[in-house]
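Visitor: the following block contains a protein sequence and its predicted model.
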Amino acid sequence: SQTIHQWPATLVQPVGSPLSLECTVEGTSNPNLYWYRQAAGRGLQLLFYSVGIGQISSEVPQNLSASRPQDRQFILSSKKLLLSDSGFYLCAWSVLPGGTGELFFGEGSRLTVL
Amino acid sequence: AQKITQTQPGMFVQEKEAVTLDCTYDTSDQSYGLFWYKQPSSGEMIFLIYQGSYDEQNATEGRYSLNFQKARKSANLVISASQLGDSAMYFCAMRGHTGGGNKLTFGTGTQLKVEL
């Protein structure tokens, strides 16, 4: 069966520090991968998605970047964090064509920038 | 552009009663998919139910059903026989067919509280 893991689960970082969140998927190949952010009490905002290795699409201009060095690995990064980067980050995967295209989410990473 | 609107920030329901969570959508796509997710306080997103725009029957999954009214562009989630464990945030989402990547657009969510 397919599983998705992301880490770290929680982190507190000072403004201006770097960030690296990692996500890996097991049990499937060539998935679509996504990074969403959820601000406190808000809905989910799509940040990046990837349909293959090295292929990254950015949805919102921002202080973050994403990379996909391997088929089932997706990394969210920042060189210098801002206060506004605080939030709950969710990695997800899906497979199309076939199926309904629902997203399967990881456990989430809660980032607090101080 | 696609848009999902959930107008109920919070809802209360008594245990064992049914509850309807509202969702309206806007899209220019002819083919699209509608999803509902549950987010407990732990933060994980749990897929509940899916409705395709060409599906003639409303989707059902156990105690969850989706009241799909295409002409009204609504996709309300109905939870029957509510349980205390249903207390969570619920998100409606849509997948269109313009562009690539199977992207889902989410609404702002409805916080459901089930009471004794």
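Guide: Great, that's in hand.

Visitor: the bottom helix or strand of chain B by mean pLDDT?
Guide: strand B:104-106 (a mean of 92; mean pLDDT, DSSP states H and E).

Visitor: packing partners of that strand?
Guide: Packing contacts for strand B:104-106, counted by 3 or more Cβ pairs under 8 Å, 6 or more residues apart in numbering or on different chains; DSSP states H and E, involve strand A:44-52, strand B:3-5, strand B:88-95. Just so you know, the C-beta spots here come from the backbone N, C-alpha and C atoms, and that holds for glycine as well.

Visitor: let's have those strands in JSON lines, adding mean neighbour count.
Guide: Listed next are the helices and strands packed on strand B:104-106 as JSON lines, based on neighbours: other Cβ atoms under 10 Å in any protein chain shown:
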{"stretch": "strand A:44-52", "mean neighbour count": "20"}
{"stretch": "strand B:3-5", "mean neighbour count": "16"}
{"stretch": "strand B:88-95", "mean neighbour count": "24"}
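
Visitor: need the nearest residue in space to the residue in chain B sticking out farthest from the centre, chain neighbours excluded.
Guide: Most distant from the centre of chain B: B:Leu116, at 23.7 Å, with distances by Cα atoms, centre = their mean. With Cβ to Cβ, 6 or more residues apart in numbering or on different chains as the measure, B:Glu15 is the residue that lies nearest to B:Leu116, at 5.6 Å, once sequence neighbours are left out.

Visitor: before we move on, which element is the residue positioned nearest the centre of chain A in?
Guide: Note on chain A: the residue nearest the mean C-alpha position is A:Trp35, at 2.9 Å, using Cα atoms, centre = their mean. A:Trp35 is part of strand A:32-38, with elements assigned from DSSP states H and E.

Visitor: about what we covered before: just checking, the residue farthest from the centre of chain B touches B:Ser82?
Guide: No - taking Cβ atoms under 8 Å as the definition, B:Leu116 is not a contact partner of B:Ser82, at 10.8 Å.

Visitor: for the two, list the residues in contact with both.
Guide: Both B:Leu116 and B:Ser82 are in contact with B:Gln14, B:Glu15, where contact means Cβ atoms under 8 Å, 6 or more residues apart in numbering or on different chains.

Visitor: and the residue lying closest to B:Pro40 once chain neighbours are set aside, bridged to which residues?
Guide: Leaving out its chain neighbours, the residue that sits closest to B:Pro40 by Cβ to Cβ, 6+ apart is B:Ala88, at 4.6 Å. Note on B:Ala88: beta-bridge partners by DSSP bridges are B:Leu112.

Visitor: which stretches of chain A form strands?
Guide: Per DSSP state E, chain A carries strands over the ranges A:3-7, A:10-13, A:19-26, A:32-38, A:44-52, A:55-58, A:65-70, A:73-78, A:87-94, A:104-105, A:109-113.

Visitor: chain B too?
Guide: Applying DSSP E to chain B gives strands spanning B:3-5, B:10-14, B:19-21, B:24-26, B:33-39, B:46-52, B:60-61, B:64-69, B:74-79, B:88-95, B:104-106, B:110-115.

Visitor: give me the pLDDT value at A:Leu46.
Guide: On the pLDDT scale, A:Leu46 is placed at 93.

Visitor: surely it touches A:Tyr36?
Guide: Yes - between A:Leu46 and A:Tyr36 there is a contact at 5.6 Å, judged by Cβ under 8 Å.

Visitor: where are the low-confidence patches of the chain?
Guide: The chain I'm using is chain A. The model of chain A has pLDDT under 70 over residues A:96-99.

Visitor: hmm, no, I was thinking of chain B.
Guide: Using pLDDT under 70, chain B drops low at B:97-101.

Visitor: and it, which residues reach chain A?
Guide: B:33, B:35, B:42-45, B:47, B:50, B:52, B:91, B:93, B:95, B:100-109 (Cβ under 8 Å from any Cβ of the partner chain).

Visitor: fine by me, we can end here.
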